[in-house]
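**Q** just a sequence and a predicted model for now, questions to come.
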Amino acid sequence: MSILLPVAIGSLFAGAIYLLLRRSVVKLFLGLTLLSHGVHLLIFSMGDGLRRGLPPITAADGSTLPGTTDPLVQALILTAIVISFGILAFILALAYRANQAVKSDDLDDMVTTDRL
Amino acid sequence: MLLWIVLFALVTSPLGLLGRRTPRPLIGWGLAVLPLSLFVLLALQIPLIASGGRLDEAVPWVPAMGLELRFSLDGLGMLFALIITGIGTLIVGYAGAYMANDAGLGRFLVYMFLFMGAMLGVVLAGNILTMFVFWELTSITSYLLIGYKHDYPDARRGAQQSLLITGIGGLALLLGLLILAAAAQQVGVSVADSYRFDALIAAGEQIRQTALYAPAVALIFLGCFTKSAQFPFHFWLPGAMQAPTPASAFLHSATMVKAGIYLLARLSPALGETLLWNGTLVAVGGFTFVFGSIVAFRQYDIKALLAYTTLSMLGGLVMMIGLGGKYGAEALVTGILAHALYKSSLFMVAGIIDHEAGTRDLNKLGALRRYMPITMVVTAIALLSQMGIPILMGFVSKEWMLKAALESSLPDPWPLVALIAIVIGAVGYIIAAWRLFRNAFLGEPSPTVQTHHLVDPKWSMLLSPAVPSALSLILPLGLLPAVSSLLSPAASAVYGAPFTFELYLYRGVNTALLISLGAIALGVLFATQQQRLAAHKIIASIDGAVVFDKLIEGLLAFATGMTRMIQSGRLRTYLLYIVLVFMLFVGTPFVAYGLDDIRFVLDENLRFYEVVVTALIPIAVIATIAARSRLGAIIALGVAGAMVALIFVLFSAPDLALTQLLIEVLSTVFLLFVFSVLPSRFASLSPAWVRWRDAFIATVFGVMMAMLVLATSSNTDFPSLAPWFLANSLSEGKGTNVVNVILVDFRGFDTLGEIVVLFVAVLGIYGLLRFRRVKPDVRTSGRDAQTIMPGEDPVLAGNGASPSAEHQVSAGVEPQRLRKSITEKDANDV
């Protein structure tokens, strides 16, 4: 595999971890988004090689076409994308509510939910 | 039959609840029929066992892994099972009378029956895992019995100590047994057989050669020494005397504490005959023997005195296993029988004295001979047996212990050590026994004890100590051949090969007899001269219980400190741990196997636009991190998402690209909506060194993930699953779009799970956003009202587009403070 994609994946993970370790809720969210991108590409790279212009379909009679790409990783990522979207939406709602309650973006200020 | 015996004992335990009915003494003896029936059932097997046979039963569960319920009955198991059911019968009857006025008798009897079943399971188990389950059950039931009077702090403390000590030992034992099984598997025993006692014993010779032998023995020692209260784990046994006297008499003299002895004896043919095994046992057992007997005669509480002599005798028995050989085995089984008889009797007498005179304190008792003559006779016989006075069972036992020391084939210091230990121990026993007898039964009546209604107890209570006491006298006088035929198979099991032996009282003058008589003379001299050795004060001052309590305190303080340190309550700290542990596990293979297999290649077909798309991702990531405004971060994040979608487009994943783009757009809309109410600029919250540290960790993590991708894609050891899905898509899933077929058919449950996750997320979001509207009552209290009401404003007023920090501040609880802090944060922006 080309060296480029691993570098991209690595940068996504590095950026995600850095943002996750911050005190800000918003950065937590940004980090989670980057992390899900990184994981998706990681799974993508685990497939049966990256191929150009060869869709994961079979011929109409069910026989395997001369050139195809790995359908399994694509199915896995499709599931993963939707799930990570659900989680990110939830985190967003949480950040929104937390901001209303404690008037702060700082996780360290969120010591109590009593004011909610 | 064995399975049924154990099951019967466990299943019938709720019958103990009958003890809640009156009249109590009759209930006790009525329920004693249960253990008695088991005793008879086992006794019927004596001829079979005496002729060298054995019973073996197994209920397989997972045979391939050696998991089974296996019970077997041989000489050693028979001896223990008879003691458990025999003494158990007497104890249950005794408990009914002893606790006649105790409302908890029913509960107590249930515990006792449960314990009895567990103990039978231990001694009848033929599989080490089966044995272990029952072993732990005895620890738990013992805990319940010691803590029976749970409204007394001492009882709770004693119970907790014993559970912790035996529990820790139990864990060590489990590990030791598993290592033992692994050692057996190493030398060619099949997995299914490697958990069986007989297979382990058969392979003993080879097991002793393996490297696993030493750790297995060390851990098994730990388990057995804690259970059998060997020094330095001895202190829980005196603490366990908080249990009601019937339980003390049963568990802490005759049965449970002997479980450790039993296991050592059982494994002796497999693991013995090494210096590690025999030397350790003689040293630890010998020290416990001497220690217990010296501490014993300082005690004023009769039960404490008996507890320390028990401790001592357990040490003596461990020492006998250590001495090994035929004499060691003979002395062991004889000692077990003799001790069970006299010690259970003595404990029950202690209970009677406590029950009748109202105290067990030797300083407050006296002249009981006048009021309780029968009790005195029973006590005297048992004490004489403990002292090892001729023609009693204890004498025979001590004779054999001396013989085992004299005839031992161990290398030099050990037999002598054992001999000295036995002599000192014997002297200590005599002083302790004399002290008990003189203070309780002789002398003048104590003013503190009400004597006008002091009489011998009713038969229902006196029978129980009288029977074993009488047996201590009758067995050596008339029944030694019968006893020998019972003990021979037991000794054979300990020795590892069948043999028979004959117990006798007197057969000419020999060294053992002379030493024995000399020890008696010495003991009588010390006891009557009231002389106290200086040494015993020092030894007695080593109070293990105090040391243990300090240890536990220290452990708790340590745990609190660790918790404070690790559990900071901050999300990022926990994330940091997760990341570091992950890096440790992913990084180790790289270090261990090197990077040679990883190929760094540049695709020769690489197109220009591919390079641009891929290179934009790191740039977008850096922009996201460096962005000072929320909007900048959202844009950079969007670029990264779009580039990921483009990668899907370029490399034959149209479905993914479509979904990714859709989600990306949705996410951005949500983000803009939510961020509109948050402060528009990032505050820089962490100090610089933390940011640099996190940047370093993140970079290493990223490099590691990149290497991981390279390493896995360089790997060709595992065939791809893709061809299977491609080939079976139409025939199995009725579709040619393979990704769709996988989603809805091959991995349909994954998709179902995905839908469930989304649904849960929707519920959560709905709950979060709705919550604020259903709490109107909160607003009535001033402070809260200020907090919540303004929070609604930006959204309701459609004011979201410019949700400045000023807006936030104006809505805040303490505007001055917030304004100040936010200004500061803005000033610190990166």
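**A** Right, received. Where do you want to start? Computed from a prediction, not measured in an experiment: that's the story for all the values here.
**Q** now name the helix or strand holding residue 39.
**A** Let's take chain A. Per DSSP states H and E, A:Val39 falls inside helix A:25-45.
**Q** that's the wrong chain, I meant chain B
**A** helix B:33-43.
**Q** B:Leu305 now?
**A** helix B:302-323.
**Q** what strand or helix carries B:Ala382?
**A** helix B:373-387.
**Q** what's that helix in contact with?
**A** Defining contact as C-beta atoms under 8 Å, 6 or more residues apart in numbering or on different chains, one finds that helix B:373-387 is touched by B:309, B:338, B:341-343, B:345-346, B:349, B:352-353, B:368-369, B:392-395, B:426, B:429-430, B:433-434, B:436-437, B:440-441, B:456-457, B:462, B:465-466, B:468-470, B:472-473, B:520, B:523. To be clear about C-beta, it is placed using only N, CA and C from the backbone, and glycine gets the same treatment.
**Q** among those, which are in helices?
**A** B:309, B:338, B:341-343, B:345-346, B:349, B:352-353, B:393-395, B:426, B:429-430, B:433-434, B:436-437, B:440-441, B:462, B:465-466, B:468-470, B:472-473, B:520, B:523 (DSSP state H).
**Q** pull out the buried members of these.
**A** In terms of neighbour count (16 or more other C-beta atoms under 10 Å in any protein chain shown), the buried residues within these are B:309, B:338, B:341-343, B:345-346, B:349, B:352-353, B:393-395, B:426, B:429-430, B:433-434, B:436-437, B:440-441, B:462, B:465-466, B:468-470, B:472-473, B:520, B:523.
**Q** would the lengthiest helix in chain A count as contacting chain B?
**A** Longest helix in chain A by number of residues, with DSSP H as the criterion: helix A:71-102. Yes - residues of helix A:71-102 contacting chain B under C-beta under 8 Å from any C-beta of the partner chain: A:71-72, A:74-79, A:81-83, A:85-90, A:92-97, A:99-101.
**Q** filter those residues down to the buried ones and hand me the PyMOL line.
**A** To isolate the buried members of the residues of helix A:71-102 next to chain B in PyMOL, using 16+ other C-beta under 10 Å:
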select buried, chain A and resi 71+72+74+75+76+77+78+79+81+82+83+85+86+87+88+89+90+92+93+94+95+96+97+99+100+101
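**Q** sorry, back to before: and the helix holding B:Leu305, what does it pack against?
**A** helix B:236-239, helix B:245-249, helix B:257-271, helix B:275-296, helix B:325-357, helix B:393-407, helix B:413-441 (3 or more C-beta pairs under 8 Å, 6 or more residues apart in numbering or on different chains; DSSP states H and E).
**Q** among these, which is nearest chain A?
**A** Across the helices and strands packed on helix B:302-323, chain A has its closest neighbour in helix B:236-239 (43.2 Å, C-beta to the nearest C-beta).
**Q** how distant is the closest one from the center of its chain?
**A** Per C-alpha atoms, centre = their mean, to the nearest Å, the displacement of helix B:236-239 from the mean C-alpha position of its chain is 18 Å.
**Q** same question for stretch B:164-178.
**A** Using C-alpha atoms, centre = their mean, the offset of stretch B:164-178 from its chain centre is 6 Å.
**Q** go on, stretch B:50-58?
**A** Distance of stretch B:50-58 from the chain centroid (C-alpha atoms, centre = their mean) equals 31 Å.
**Q** same thing with stretch B:459-474?
**A** Its chain's C-alpha centre and that of stretch B:459-474 lie 36 Å apart, by C-alpha atoms, centre = their mean.
**Q** got a list of contacts for it?
**A** Under C-beta under 8 Å, 6+ apart, the answer for stretch B:459-474 is B:25-26, B:28-29, B:87, B:90-91, B:93-94, B:96-98, B:338, B:340-342, B:344-346, B:348-349, B:352, B:355, B:374-375, B:378-379, B:381-382, B:385, B:391-394, B:456.
**Q** count the residues that sit near B:Gly117.
**A** 25 (other C-beta atoms under 10 Å in any protein chain shown).
**Q** tell me the domain ranges of chain B?
**A** What automatic domain parsing lists as the domains of chain B is B:272-535, B:564-736.
**Q** what mean pLDDT does the longest one get?
**A** If I follow you right, that is domain B:272-535. Domain B:272-535 shows a mean pLDDT of 85.
**Q** same thing with stretch B:239-250?
**A** Stretch B:239-250 carries an average pLDDT of 86.
**Q** only alpha carbons, please: show that stretch as PDB.
**A** Output of stretch B:239-250 as PDB, limited to C-alpha atoms (Å, rounded to 0.1, in the frame of the first residue of the first chain):
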ATOM      1  CA  GLY B 239     -10.000 -15.100  66.800                       C
ATOM      2  CA  ALA B 240     -12.300 -17.700  65.400                       C
ATOM      3  CA  MET B 241     -13.100 -18.700  69.000                       C
ATOM      4  CA  GLN B 242     -15.800 -16.000  68.900                       C
ATOM      5  CA  ALA B 243     -17.900 -18.600  67.200                       C
ATOM      6  CA  PRO B 244     -20.500 -20.400  69.400                       C
ATOM      7  CA  THR B 245     -18.700 -23.300  71.200                       C
ATOM      8  CA  PRO B 246     -20.300 -26.100  69.200                       C
ATOM      9  CA  ALA B 247     -18.900 -24.500  66.000                       C
ATOM     10  CA  SER B 248     -15.500 -24.100  67.600                       C
ATOM     11  CA  ALA B 249     -15.500 -27.700  68.700                       C
ATOM     12  CA  PHE B 250     -16.500 -28.800  65.200                       C
END
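**Q** with adjacent residues omitted, what lies nearest to B:Val187?
**A** Using C-beta to C-beta, 6 or more residues apart in numbering or on different chains and skipping the chain neighbours, the partner closest in space to B:Val187 is B:Gln206 (3.8 Å).
**Q** could you turn the buried ones of the contacts of stretch B:459-474 into a ChimeraX selection?
**A** In ChimeraX, this line selects whichever of those come out buried by 16+ other C-beta under 10 Å:
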select /B:25,28,29,87,90,91,93,94,96,97,98,338,340,341,342,344,345,346,348,349,352,355,375,378,379,381,382,385,392,393,394,456
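**Q** strands of chain B, start to end?
**A** B:55-62, B:67-73 (DSSP state E).
**Q** residues near residue 80, how many?
**A** Let's take chain A. Look at A:Ala80: counted by other C-beta under 10 Å, it has 17 neighbours.
**Q** oops, chain B please
**A** 27.
**Q** quick check: it touching B:Lys258?
**A** Yes - look at B:Phe80 against B:Lys258 with C-beta atoms under 8 Å: they come within range, at 7.2 Å.
**Q** which residues do the two both contact?
**A** B:Ile336.
**Q** identify all contacting residues around the helix holding B:Phe39.
**A** By C-beta under 8 Å, 6+ apart, helix B:33-43 touches B:1, B:5, B:8-9, B:12, B:15, B:73, B:78, B:81-82, B:85-86, B:88-89, B:92, B:113, B:116, B:120.
**Q** and with 7 Å instead?
**A** B:5, B:8-9, B:12, B:15, B:78, B:81-82, B:85-86, B:88-89, B:92, B:116 (C-beta atoms under 7 Å, 6 or more residues apart in numbering or on different chains).
**Q** quick one: these as JSON lines, columns for distance to B:Ser162, pLDDT and neighbour count too.
**A** Compiled in JSON lines, the contacts of helix B:33-43 are given as follows (distance: C-beta to C-beta, whole Å; pLDDT from 0 to 100; neighbours: other C-beta atoms under 10 Å in any protein chain shown):
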{"residue": "B:Ile5", "distance to B:Ser162": "26", "pLDDT": "82", "neighbour count": "21"}
{"residue": "B:Phe8", "distance to B:Ser162": "27", "pLDDT": "82", "neighbour count": "18"}
{"residue": "B:Ala9", "distance to B:Ser162": "22", "pLDDT": "80", "neighbour count": "24"}
{"residue": "B:Thr12", "distance to B:Ser162": "26", "pLDDT": "81", "neighbour count": "19"}
{"residue": "B:Leu15", "distance to B:Ser162": "26", "pLDDT": "80", "neighbour count": "16"}
{"residue": "B:Met78", "distance to B:Ser162": "28", "pLDDT": "92", "neighbour count": "26"}
{"residue": "B:Ala81", "distance to B:Ser162": "24", "pLDDT": "92", "neighbour count": "25"}
{"residue": "B:Leu82", "distance to B:Ser162": "26", "pLDDT": "93", "neighbour count": "21"}
{"residue": "B:Thr85", "distance to B:Ser162": "23", "pLDDT": "92", "neighbour count": "24"}
{"residue": "B:Gly86", "distance to B:Ser162": "24", "pLDDT": "93", "neighbour count": "23"}
{"residue": "B:Gly88", "distance to B:Ser162": "20", "pLDDT": "91", "neighbour count": "27"}
{"residue": "B:Thr89", "distance to B:Ser162": "25", "pLDDT": "92", "neighbour count": "24"}
{"residue": "B:Val92", "distance to B:Ser162": "22", "pLDDT": "89", "neighbour count": "28"}
{"residue": "B:Met116", "distance to B:Ser162": "18", "pLDDT": "91", "neighbour count": "30"}
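**Q** that'll do, ta.
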